[in-house]
Each structure stands twice: as structure tokens, then as C-alpha cells.
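Trainee: Mind looking at a prediction? Sequence and model below.
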Amino acid sequence: MTKAIRILALAVVGAVVLSACGLLNALIPDQDVPEGILGIGSAGVQVPLEADVSTTGIGAAQFVSATVFTGTFDLGSVDVDAIDELPDFVEADAITETIALGDSIEVTYPTGNEVASFTLTELSVTGSITISNTEYALPVLTADGLAVLFDDADCVGTVCSYGTAGNVPELDVALIAAAVDAYAALLKDGGTVSAELTVTATLDAPGLAADATVVVTIESLGAVIEF
């Protein structure tokens, strides 16, 4: 992460040097951060999901299948070095990171009930980002109306891996204004960034057994800092 931010700094400083005095932020080109800023990275992180039966009310434990799986994970803290060369007047206008679901999903069936395939119909992501010890909420993002088929199961014991040839959903995580300002200050002063995300996957009925554990991969397609 530090390396990616340093590359960003040099690009911004270069734009300042090549521009006339009294540069407006609008003249600085948008800067790409290939690994993103949330700590996910292009290699992605694995997220375990469990059946969400909380909305079924009384007798939820009696249900033998579920269509909604959810999980929360902490991305940990990333140190960002201060950029001494960055002028005080440089201010970010917007920061957006694109995240995507990986094209394979692993399912563990503790008591059997394996399925040959299942279809993802909705993916939702929300959470928060903490910049220098101040937490900022992230928007609730949902990709719905999906029909992403995961099949071609490869099972070893109670664990099955599924892949898809379909288009996996992508979501654009846009930081709120206060978080953008905080991140811009972070680039100048240094500090830490951490994020916590909640992922919810909805499957077409009948879905998977409620005792199944689903592991998905969330990947970063990079972030863009606009000035």
C-alpha cells in the first residue's frame, strides 16, 4: 500500500511542477491506485459467510435451507507515510474504489446435502473505513437482478469448489466527503487506514443448506482519486 501511495504522490507532484503557479486542483489529473486504498488489494481477500436466518423469525432453527449468507471481516490496518512533497493546496475531490466478487466460491457441507450448482441473484456490501482513528461509514452497495451460475463442482470430502463463466458483479465504493478530506490529510501528514466490510450474498431458492459455510473472494480493481 505504501508503495502505491508513493507512486501516486510522485504523479501529483509532477503535475504540480509542470503546471503554472496558482494551480487549481482541477488541473491535476485523476490518479489511479492499482491496489486500492481499502486494503483489499488486487489479489483479494477470502470472506467466510454463514446462513442468515435472522429474518425468518420464530422457528428459524427449524429451516433446513437458506438463500442468504452474510459475513463481516476486518481488513486490518495499513500504514501510509506522509508525503512531504505534496503542496498544502492540493485537495482530493472524490475517491472511489471498485471491488468485485471472485469467480470461484468454496462451500463446506458439515452434514452433507451438497448441490451440483447454485445461482447468485444479489450481492451487497457495506461497512466502514477508519482513517487516523476516525471511523467513516461506507454506503450500502447492492448489485441485484443477477443470474450468476456457479457450477462444475469439485468436491473433496465435505468441501466443494464452484466456478462461474458468468459476469461477476462489481461495486463502486465511493467515500463520503468527510472521508475524502480525511484521506487527503492523511497523504500529507501520514497515519493509518483500516476497513471493515459486511458482505451479503443472496442465492436463488432453494439455495444451500443452512449449516453450510460459504467462502467468497472479494478483489480490488483499483481506486481512483479525483482532484
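Mentor: Ah, there it is.
Trainee: Following the one helix or strand in the chain whose mean pLDDT sits lowest in sequence, what is the next regular element?
Mentor: Across the helices and strands of the chain, mean pLDDT, DSSP states H and E gives its lowest value to helix 2-18, namely a mean of 46. With elements assigned by DSSP states H and E, the helix or strand that comes after helix 2-18 is strand 31-33.
Trainee: Adjacent strands (with direction) for that next one?
Mentor: Using DSSP bridges, the strands paired with strand 31-33 are strand 213-226 (antiparallel).
Trainee: strands paired with the helix or strand that contains residue 76, and their directions?
Mentor: Element membership of residue 76 [criterion: DSSP H and E] is strand 68-80. Strand pairing for strand 68-80, determined by DSSP bridges: strand 45-51 (antiparallel), strand 191-203 (antiparallel).
Trainee: Please identify the most buried of those strands.
Mentor: Scoring these by mean neighbour count under mean count of other Cβ atoms under 10 Å gives strand 191-203 as the most buried, with a mean of 20. (Each C-beta comes from the backbone N, C-alpha and C, glycine too.)
Trainee: per-residue confidence averaged over that one?
Mentor: Averaged over strand 191-203, pLDDT sits at 94.
Trainee: Can you work out which other helices and strands pack against the following helix or strand past that strand?
Mentor: Later in the chain than strand 191-203, the nearest helix or strand by DSSP H and E is strand 208-209. If contacts are counted by 3 or more Cβ pairs under 8 Å, 6 or more residues apart in numbering; DSSP states H and E, strand 208-209 sits against strand 65-66.
Trainee: and the closest residue in space to residue 219 that isn't next to it in sequence, what does it touch?
Mentor: Here the nearest residue to residue 219 in space, its sequence neighbours aside, is residue 44; by Cβ to Cβ, 6 or more residues apart in numbering that works out to 3.6 Å. Neighbouring residues of residue 44 by Cβ atoms under 8 Å, 6 or more residues apart in numbering: 102, 217, 218, 219, 220.
Trainee: ok so, going back, the next helix or strand after the strand holding residue 76 pairs with which strands?
Mentor: Using DSSP H and E, the helix or strand that directly follows strand 68-80 along the chain is strand 94-101. Strand pairing for strand 94-101, using DSSP bridges, gives strand 170-174 (antiparallel), strand 213-226 (antiparallel).
Trainee: for residue 186, helix, strand, or coil?
Mentor: For residue 186, the reduced secondary structure class is helix; criterion used: DSSP: H, G, I helix; E, B strand; the rest coil.
Trainee: Residue 133 is in contact with that one, correct?
Mentor: No. Contact criterion Cβ atoms under 8 Å: residue 186 and residue 133 do not qualify, at 11.1 Å.
Trainee: Between those two, tell me which one has more neighbours.
Mentor: Counting neighbours by other Cβ atoms under 10 Å for residue 186 and for residue 133 shows that residue 186 has the greater number, 20 against 8.
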